[in-house]
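1. Sharing a model that was predicted from the sequence below.
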Amino acid sequence: MKKYDYLIVGAGLYGSTFAYLATKQGKRCLVIDKREHVGGNLYCENVEGINVHKYGAHIFHTSNKKVWDFVNSIVEFNRYTNSPVANYKGRMYNLPFNMNTFYQMWGVRTPEEAQAKIEEQRREAMEAMRREGVSEPRNLEEQALTLIGRDIYERLIKGYTEKQWGRSCKDLPAFIIRRLPVRLVYDNNYFNDKYQGIPIGGYNKLIDRMLEGADVRTGIDFFDDRELWEAKAEKVVFTGKIDEYFGYRYGMLEYRTVSFEQETLDMANYQGNAVVNYTDREVPYTRVIEHKHFEMFGQEVYDNPKTVVSREFSTEWKPGMEPYYPVNDERNNSLAEQYRALAAQEKNVIFGGRLAEYKYYDMAPIVERVMDLWVF
Ligand code: FAD
């Protein structure tokens, strides 16, 4: 008999949730991660007493009570509510598009006035297309204009989207924006989910609790000696890159990535909000995250005289860079299908998580998928 029931490759949320549930069932787990820390992309570094989301801002949100109760049974969550603000050439607008935004944009006060303004601008966009003999939006710009009108498109969508994709909206396909939800209420809560928050004490606390009872080794790349690691356990849970697992035999899957410029500032409160989007083209970054606002509220932010901010830049991914978002185009989707077919034949391996499934998942669905494996 081997020493462990499971070798878990990757100590991110998938691997950690798996280790937690398996350990509870009396299984012995060995968790390895190639990074020097556990937590995967949820990992936070403590800087000046502030939990800094090193791999991008993470807000847990879900409408699934089972998942919410589960994570709260491990660590309590705070009341953080995501309500980003947009800065367009120095003017501030609330997001997502709601009555506050429409008031800031046009001075309209009632839902009826806002609706009329949006309709007027949508009509203008459709008439402009008709004049050109076009019936269906040919690109993202036309799609956005017909869904929401010129003002919102130009101030809040165009520059941000072009920075994100590194291309003009006229050269991006229309399908990227299928709908643009508009809220005719004064509500800045970004998510529609029933529950949201950040673990009190940060994500590391959640992950550390999940990994209690498992043996954990960091700084170890599975592929440096896969036979050695495989020999240690009856089964493998693999949460790394699926193409790497199969030696890139059909080619390499591509990703989009983000890079961060982090700065510690000698002030208590830089921007008054966790997330500010910069929606004009001239500012090179897409967002500025001020991390303390995820866990400190109201005047509490002044208890710490320092603050940490991260500027986010959309960056083209190259091999060796941090793989963040899968690219859902034809080439990558069909490549991923080929790899998934190979994975289905591996009897003793569970492939799970965003890299091994080559799918974007928020955190709650990741937890839910692992819970489903353990029949909750
Ligand atoms: P990961 O966290 O990537 O874990 C995989 C782990 O495997 C990593 O630690 C990696 O080092 C390790 N590994 C890989 N290969 C090997 C190997 N060969 N050997 C050993 N170890 C290996 N979700 C939300 O719900 N809310 C948000 O606000 C949110 N914001 C996000 C922002 C960004 C920028 C990104 C990219 C994602 C965001 N997400 C958010 C999604 C969230 O990050 C994922 O749901 C979650 O990280 C998935 O966990 P995972 O375990 O699948 O992957």
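-> Everything's here; your move.
2. For the rest of this, base every contact and every neighbour count on C-alpha atoms.
-> OK.
3. all strands of the stretch 251-376 of the chain, in order?
-> For the stretch 251-376 of the chain, the strands defined by DSSP state E, counting those that start in this stretch cover 255-265, 275-278, 287-290, 307-316, 325-326, 349-351.
4. Quickly, which of these bottoms out on average pLDDT?
-> Comparing mean pLDDT across the strands of the stretch 251-376 of the chain, the lowest value falls on strand 325-326: a mean of 90.
5. ok, residues contacting that one?
-> 254-257, 358-360 (C-alpha atoms under 8 Å, 6 or more residues apart in numbering).
6. For the nearest residue to residue 183 once chain neighbours are set aside, grab phi and psi.
-> The shortest distance from residue 183 to any non-neighbouring residue, by C-alpha to C-alpha, 6 or more residues apart in numbering, is to residue 98 (4.5 Å). Backbone torsions of residue 98, given as degrees, to the nearest 10, read phi -150, psi -170.
7. Test my guess that residue 98 contacts residue 186.
-> Yes: Residue 98 sits in contact with residue 186 when judged by C-alpha atoms under 8 Å, with a separation of 6.0 Å.
8. May I have the predicted confidence score for residue 330?
-> Looking at residue 330, the pLDDT reads 89.
9. and it, how many neighbours?
-> For residue 330, the neighbour count with other C-alpha atoms under 10 Å is 9.
10. Roughly how far does it sit from the ligand?
-> Computed as C-alpha to the nearest ligand atom, to the nearest Å, the residue 330 to the ligand distance reads 21 Å.
11. what does the stretch 251-376 of the chain put close to the ligand?
-> Contact residues, the stretch 251-376 of the chain versus the ligand (C-alpha under 6 Å from any ligand atom): 324-325, 353-354, 361-364, 366.
12. what about burial for those residues, which qualify?
-> Among these, those scoring as buried are 324-325, 353-354, 363-364, 366 (criterion: 16 or more other C-alpha atoms under 10 Å).
13. who's more crowded, residue 98 and residue 186?
-> Neighbour count, other C-alpha under 10 Å: between residue 98 and residue 186, residue 98 has more, with 23 against 17.
14. contacting residues around the more buried one?
-> 182-188.
15. follow-up on the earlier one: any chance of the contacts of strand 325-326 in TSV, plus neighbour count?
-> Shown next, in TSV, are the contacts of strand 325-326 (neighbours: other C-alpha atoms under 10 Å):
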residue	neighbour count
254	22
255	19
256	18
257	18
358	27
359	16
360	16
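16. And for residue 259, the neighbour number?
-> 18.
17. now the helices for the stretch 1-150 of the chain?
-> 13-24, 65-74, 99-106, 111-131, 140-148, 150-152 (DSSP state H, counting those that start in this stretch).
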